[in-house]
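Enquirer: Predicted model and sequence follow; I will ask about them next.
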Amino acid sequence: MERPSLEINLPGTHQEGKLYVVDSLNNLNKLNVCPVGSQHALDEEENADGTGENTAGTNIRNQCLFFVTFILTLIVSLALVSFVIFLIIQTRNRLDQISSRLISEKKSIEELKKMQNMILKHLNQSRNKE
């Protein structure tokens, strides 16, 4: 594919018209070369007074925004981790309660089995006597 030439021969145009054509081609080239977001940044740089105050203010604003976002992310992360630790502790406490209940129930069941065996022995003995 051939790249179009940037040189355009327009017969009968004045110097001002040539500058307009060149400026239009430069703008078109910026639109083709630069993404949409960077074109906006280029326009801001062109509109600045040359002191760099606009870009410096934007940079400081972006840094502050990044810092605030970072701090908020850390706070949310800390809150989530604290909640997870709280849930782990609560779960462990509940499991300890359940295991102690199971142990006491196991002891009760063993005692009931012993009593059942004693009753069965007594009944067998009483049958044998009859």
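Expert: Okay, I see it.
Enquirer: Name the helix or strand for residue 58, please.
Expert: For residue 58, the element it lies in under DSSP states H and E is helix 53-129.
Enquirer: what's the weakest-modelled helix or strand in the chain?
Expert: For the chain, scoring each helix and strand by mean pLDDT, DSSP states H and E identifies helix 36-47 as the least confident one, at a mean of 54.
Enquirer: Counting by contacts, list what the helix holding residue 58 packs against.
Expert: helix 36-47 (3 or more CB pairs under 8 Å, 6 or more residues apart in numbering; DSSP states H and E). C-betas here are computed from N, CA, C, even on glycine.
Enquirer: Where does the prediction get shaky in the chain?
Expert: The chain contains residues with pLDDT under 70 at 1-22, 31-54, 130.
Enquirer: if you set the cut-off to 80 instead, what comes out?
Expert: Applying pLDDT under 80 to the chain picks out residues 1-57, 129-130.
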